[in-house]
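Novice: below are the sequence and a predicted model for it; my questions follow.
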Amino acid sequence: MTEEEFVDVATVRDLLLDAQKRRGELSYEQTMALQHAEWSASAQGHPSGNMKTDPKVFTDLYNQLTVSYTHLRAHE
């Protein structure tokens, strides 16, 4: 079984933009995913409407939550 990897919407956006540059096009599904990721990672995608998504913040938060969960499981 492979370990799941956390990927935030800003990283998805960047990966799809990179794929689009390399290939020259995206599939319909990839285009829809890119549009969603661009909106979600933009200021308009944030509940306050004025804060862009920062991949480092999500990665740091995810790592902290993972450590906390692992620590809690150790006490079971």
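Specialist: Yep, that arrived.
Novice: Leu34: what's it in contact with?
Specialist: 13, 16-17, 20, 26 (CB atoms under 8 Å, 6 or more residues apart in numbering). (Glycine included, C-beta is placed from N, CA and C.)
Novice: rerun at 7 Å
Specialist: Neighbouring residues of Leu34 by CB atoms under 7 Å, 6 or more residues apart in numbering: 13, 16, 26.
Novice: so which helix or strand takes in it?
Specialist: Assigned by DSSP states H and E, Leu34 belongs to helix 28-41.
Novice: now that helix: average pLDDT?
Specialist: What helix 28-41 shows for mean pLDDT is 87.
Novice: again with stretch 63-76
Specialist: 64.
Novice: now do stretch 7-20
Specialist: Stretch 7-20 comes out at a mean pLDDT of 87.
Novice: start at 7, not 1
Specialist: I'll keep to 7 as the first residue from here, and by that count the last item is stretch 13-26.
Novice: CA-only coordinates of that stretch in PDB, if you can.
Specialist: Presented in PDB, the C-alpha positions along stretch 13-26 are these (Å, rounded to 0.1, in the frame of the first residue of the first chain):
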ATOM      1  CA  VAL A  13      -1.200  18.400  -2.200                       C
ATOM      2  CA  ASP A  14      -2.900  21.700  -1.700                       C
ATOM      3  CA  VAL A  15      -4.800  23.600  -4.500                       C
ATOM      4  CA  ALA A  16      -2.000  26.000  -5.200                       C
ATOM      5  CA  THR A  17       0.400  23.100  -5.900                       C
ATOM      6  CA  VAL A  18      -2.200  21.500  -8.100                       C
ATOM      7  CA  ARG A  19      -2.600  24.700 -10.000                       C
ATOM      8  CA  ASP A  20       1.200  25.000 -10.500                       C
ATOM      9  CA  LEU A  21       1.500  21.400 -11.600                       C
ATOM     10  CA  LEU A  22      -1.300  21.800 -14.100                       C
ATOM     11  CA  LEU A  23       0.100  25.000 -15.500                       C
ATOM     12  CA  ASP A  24       3.500  23.300 -15.900                       C
ATOM     13  CA  ALA A  25       1.800  20.400 -17.700                       C
ATOM     14  CA  GLN A  26       0.000  22.800 -20.000                       C
END
